[in-house]
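Participant: Predicted coordinates and the sequence they were generated for:
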Amino acid sequence: MGLFSRKQPTASGTGRAPERALDSLEPLQAGQATFRARELGVGRRGKKLIPAVEVVTRDATGHFRADELGSFLGGRLGIIETLSGSPSTLFIATGAHAGTGSPAGDALAHAAKDEAGLLMPAGEEVQRLALFSTADQQRIASWLALFPRP
């Protein structure tokens, strides 16, 4: 099929809807958190559906864009934040990207620079909910690779 040629209709039931593909992914346990594939609405009125990751710990649940989490794990982003409307406001950062003397830096003070922390604002401080080793981060990246591509 050429770049500008008309798409051929597919037979009913042969296409694989992204939400069904996401639903079929098993949750991943990494560090002290569980990662679940989700499809969430973003943008005006939440009409645009995107692949997302729900991260659940004992203390909080947050929704991250799957593409941003992939960029973070690939080293292209140093800090990521949950989507607007997420049940909890959470961040994921490495010790290398959390400023020394900052609340996030304090929460990751005893972590290795390549370890990633799941962080939650708690008043003037930041609470570390989970810590992900480089092996955990590689497992999460491999799991994310199973997400359908748009």
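Facilitator: Yep, it's here. Residues are numbered from 1 along each chain as shown.

Participant: right, and the helix or strand after the least confident helix or strand in the chain by mean pLDDT?
Facilitator: In the chain, no helix or strand scores lower on mean pLDDT, DSSP states H and E than helix 18-23, which sits at a mean of 64. With elements assigned by DSSP states H and E, the helix or strand that comes after helix 18-23 is strand 28-30.

Participant: Run through the bridge partners of residue 63.
Facilitator: residue 54 (DSSP bridges).

Participant: Now do it against residue 89, distance only.
Facilitator: Note on residue 63: its distance to residue 89, by CB to CB, to the nearest Å, is 10 Å. For glycine as for every other residue, the C-beta is placed from the backbone atoms N, C-alpha and C.

Participant: So which of these two has more stuff around it?
Facilitator: Counting neighbours by other CB atoms under 10 Å for residue 63 and for residue 89 shows that residue 63 has the greater number, 20 against 14.

Participant: Give me the contact list for the longest helix anywhere in the chain.
Facilitator: Counting residues, the longest helix found in the chain (DSSP state H) is helix 134-144. Applying CB atoms under 8 Å, 6 or more residues apart in numbering, the contact partners of helix 134-144 are 25, 28, 30-31, 35, 53, 66, 69-70, 73-74, 114-116, 132.

Participant: what about that helix, average pLDDT?
Facilitator: Average pLDDT, helix 134-144: 97.

Participant: same deal with stretch 87-105?
Facilitator: Per-residue pLDDT over stretch 87-105 has a mean of 88.

Participant: which residues are in contact with it?
Facilitator: Counting by CB under 8 Å, 6+ apart, 55, 60-64, 69, 72, 78-82, 107-109, 111-121, 124-126, 129, 132 sit against stretch 87-105.

Participant: Between its first and last residues, how far does that stretch reach?
Facilitator: Length of stretch 87-105, first residue to last, CA to CA, to the nearest Å: 24 Å.

Participant: and what of stretch 50-68?
Facilitator: Using CA to CA, the end-to-end distance of stretch 50-68 comes out at 11 Å.
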